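Enquirer: I would like the atomic coordinates for the input below:
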Amino acid sequence: MHTWDVALSQRLQQGSSRFELDVRFSCSERRVVLFGPSGAGKTQTLRLMAGTVQPAAGRVCVAGRLLLDTAQGLSLSPQQRRLATMFQDYALFPHLTVRQNIAFGRHTGWRNPGRQATDPEVEAWIERFQLQAVAGHQPHQLSGGQRQRTALARALVNKPTALLLDEPFAALDQRLRRQLRDELLELQASLDIPLLLITHDEDDVRCIAERVVHLHGGRVVPAPVDP
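Expert: Prediction:
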């Protein structure tokens, strides 16, 4: 059974500029890296997989779960897809604490989680990522690594079936990148869930990828050959 079975197409128009995305890959490896330069279509592919943007046509099946098949008229909502998605800017709420940001992943109403509210799942992730000392802090008071761990905890608190990460190490210095790569590998192994990471950093590819999907100009292309 393929862990990842993805076929997505979309046409984007902005003024006179047009971008056509047609991304197709299928593989059984559990750690996949979408690799390519800026503008290759990596982030858009992730958004289409997560369901926050709808494709013109496509199919997405992850670990045996069919999430999207436009030919059948099937498109699960982002919540139904149960994919933990973390984008490059982390998208933390600046007015909420670390605990509230993580709890937001469990929240279904319009109100923000209360500052004093406790949830065993939230507390477990705060402890796992060693965020106890900053659980009452807001994002502007955190280091880059603490912000990333908070965003990861929020993504994982609802027990997703796969993890999608968009350039998770881009804003970090080299030492912290190495440390958090190791932590991510340990986390993925312990949770035993598929991981898809997008990057333009070759070090990410070397450290994380079991399979590399090269993107360029909205298409999957053969791996470049070193001179």
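Enquirer: any idea of the mean pLDDT for stretch 75-94?
Expert: Across stretch 75-94, the average pLDDT comes to 90.
Enquirer: repeat for stretch 97-110
Expert: Taken as a whole, stretch 97-110 has an average pLDDT of 79.
Enquirer: mind checking the longest helix of the chain?
Expert: helix 174-191 (DSSP state H).
Enquirer: Can you give the contact residues for the helix or strand following that helix?
Expert: Proceeding C-terminally, helix 174-191 gives way to strand 195-199 as the next helix or strand, assigned by DSSP states H and E. Strand 195-199 has contacts (C-beta atoms under 8 Å, 6 or more residues apart in numbering) with 4, 30-35, 42-43, 45-46, 49, 162-170, 184, 188, 204-205, 208-209. Every C-beta, even on glycine, is put in place using the N, C-alpha and C of the backbone.
Enquirer: Could you list which of those residues belong to helices?
Expert: If you go by DSSP H, these have 42-43, 45-46, 49, 184, 188, 204-205, 208 in helices.
Enquirer: Export these as CSV, with columns for distance to Thr70 and neighbour count.
Expert: Listed next are these as CSV, based on distance: C-beta to C-beta, whole Å; neighbours: other C-beta atoms under 10 Å:
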residue, distance to Thr70, neighbour count
Lys42, 21, 24
Thr43, 21, 17
Thr45, 15, 29
Leu46, 18, 23
Met49, 13, 26
Leu184, 32, 22
Gln188, 30, 17
Asp204, 31, 22
Val205, 31, 16
Ile208, 30, 22
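Enquirer: which among those residues gets closest to Thr85?
Expert: Nearest to Thr85 among these is Leu46, at 7.0 Å by C-beta to C-beta.
Enquirer: This protein: strands as residue ranges?
Expert: Applying DSSP state E to the chain gives strands spanning 4-14, 17-27, 31-35, 57-62, 65-69, 74-75, 83-86, 162-166, 195-199, 211-216, 219-220.
Enquirer: mind checking which of these is nearest Gly144?
Expert: strand 83-86 (13.7 Å).
Enquirer: what's the closest one packed up against?
Expert: helix 42-50, helix 144-156, strand 162-166 (3 or more C-beta pairs under 8 Å, 6 or more residues apart in numbering; DSSP states H and E).
Enquirer: Can you lay out these as CSV showing distance to His214?
Expert: Conversion of the helices and strands packed on strand 83-86 to CSV gives the following (distance: least, C-beta to C-beta, whole Å):
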stretch, distance to His214
helix 42-50, 10
helix 144-156, 25
strand 162-166, 17
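Enquirer: And these, which one averages the lowest pLDDT?
Expert: Comparing mean pLDDT across these, the weakest is helix 144-156, with a mean of 89.
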